[in-house]
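Enquirer: Sequence below, structure please.
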Amino acid sequence: MNCCKMKTKLLILGFITLIIAACKKDQYTSKPQISFDNINSTSIATGQLLSFSILFTDAEGDIQDTLWIQKISKTCPTSTSANFAVKYPVPNFPASKNLKGYLDINFIYNTTGTNYVTIAGCGTKNDSSYFRFVLKDKANNVSDTLVSPIITLLK
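Expert: Below is the predicted model of the structure:
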């Protein structure tokens, strides 16, 4: 009988520990947290959009500063047209505590004359690239770097 009571207590204690650990993952922090909600494709042809939907959370809700974006080509690492770093201003909106939202970032591949930022590939061959994102808030807190999967830009 004593053994069963001990097992029951351990089981309950383990369950409570699991619940507490799960809740801590959802806590808002002063350092902005970012993750991918959606990437529309990992293979993009000329004229197509590459869209990233980035989920963010922030305890103070003051993320209205900058999203840094960098494209890095694995195929043409020294090409200045295939690689870039841009400072993307985060839209201004009222800050609120425990803010959660989405940033939608869109690029168009090898096409100009649109309202989208154009990205280029290597030129004569398919380009395998990845993107890095860092979010900075008004208090200069910086998120961890979010790295995309490899995106193939088709020639």
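Enquirer: The nearest residue to Y28 once chain neighbours are set aside - how many residues pack around it?
Expert: Once its chain neighbours are removed from consideration, Y28 has its nearest residue in A59; the separation is 4.0 Å (C-beta to C-beta, 6 or more residues apart in numbering). For the C-beta atoms, the positions are set from N, CA and C on the backbone; glycine is no exception. A count of nearby residues for A59, using other C-beta atoms under 10 Å, gives 17.
Enquirer: pLDDT score assigned to A59?
Expert: Here, the pLDDT recorded for A59 equals 95.
Enquirer: try N110
Expert: N110 is assigned a predicted lDDT (pLDDT) of 91.
Enquirer: Report the contact partners of it.
Expert: Under the criterion of C-beta atoms under 8 Å, 6 or more residues apart in numbering, the contact list for N110 reads T46, G47, T118, I119, A120, G121, L153.
Enquirer: now it: how far from S129?
Expert: Distance from N110 to S129, counting by C-beta to C-beta, to the nearest Å: 13 Å.
Enquirer: now the closest residue to K125 other than its chain neighbours: how far from S43?
Expert: Closest residue to K125 in three dimensions, ignoring its sequence neighbours and counting by C-beta to C-beta, 6+ apart: K155, at 5.7 Å. From K155 over to S43 the distance is 12 Å, taken as C-beta to C-beta.
Enquirer: go on, K138?
Expert: K138 sits 37 Å away from S43, taking C-beta to C-beta as the criterion.
Enquirer: Same drill for the two, tell me which one is more crowded.
Expert: Neighbours were counted for K138 and for S43 using other C-beta under 10 Å; K138 has more, 15 against 12.
Enquirer: how would you label that one: helix, strand or coil?
Expert: Following DSSP: H, G, I helix; E, B strand; the rest coil, K138 is assigned to coil.
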